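In: give me coordinates for this.
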Amino acid sequence: VQLVESGGGLVQPGGSLRLSCVASGFTFSSCDMSWYRQAPGKERELVPHITSVINGGSTNYADSVKGRFTISRDNGKNTVYLQMNSLKPEDTAVYYCKAGFDRRLLRQLKYWGQGTQVTVSS
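Out: Next up, the predicted model:
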């Protein structure tokens with residue numbers, strides 16, 4: 001099983017980044033997927049979540065990113081994306097991709113990627 005994130009980097013406030021997470025080793029389309037982030041000295045927090053194709057790919061977002069971030073998935077490419085717009089310095093964190101509940105196997109997978117650093121600074 002692998003989850004490989006990419007797309008992080010340094011961006012100025014107000015800028016945009018798109019993170020990608022490519023999955024392998026499990027049935028991606030049947031799994032709920034999430035992005036988490038962890039800033040220095042803080043707990044890891046859920047950012048957005050997208051359900052599997054079985055549940056229609058519905059999404060929900062943390063209040064802190066609503067209207068600025070968009071999660072999406074391409075089941076043909078086994079990839080989940082996080083489009084981040086209007087970035088703020090407080091968005092600075094390591095961003096992690098997570099595979100959660102498998103709606104076909106009806107069990108939690110809890111697979112994590114290695115993380116990608118996002119730094120928002122002028």
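In: would you tell me which strand is longest in this protein?
Out: strand 93-102 (DSSP state E).
In: list the buried ones in the very next helix or strand once past that one?
Out: Proceeding C-terminally, strand 93-102 gives way to strand 107-112 as the next helix or strand, assigned by DSSP states H and E. Under the neighbour-count criterion of 16 or more other CB atoms under 10 Å, strand 107-112 has 109, 111-112 buried. Yep, even glycine has a C-beta here, placed from its N, CA and C like the rest.
In: which residues of the protein score low on pLDDT?
Out: By pLDDT under 70, the chain contains no weakly predicted segment.
In: what's opposite the residue nearest the centre of it in the beta bridge?
Out: The residue lying closest to the centre of the chain (CA atoms, centre = their mean) is residue 35, at 2.5 Å. Beta-bridge pairing of residue 35 under DSSP bridges involves residue 97.
In: residue 23 too?
Out: Taking DSSP bridges as the rule, residue 23 bridges to residue 3.
In: tell me who's in contact with it.
Out: Taking CB atoms under 8 Å, 6 or more residues apart in numbering as the contact definition, residue 23 lies against 2-3, 31, 33, 78-80, 97, 99, 111.
In: quick one: the strands in the chain?
Out: For the chain, strands defined by DSSP E occupy the ranges 2-6, 9-11, 17-24, 31-38, 45-50, 59-61, 69-74, 79-84, 93-102, 107-112, 116-120.
In: tilt between the longest one and strand 116-120?
Out: Going back to what we said before, that points to strand 93-102. Orientation of strand 93-102 against strand 116-120 (axes from the mean of the first three to the mean of the last three CA atoms, to 10 degrees) gives an angle of 130 degrees.
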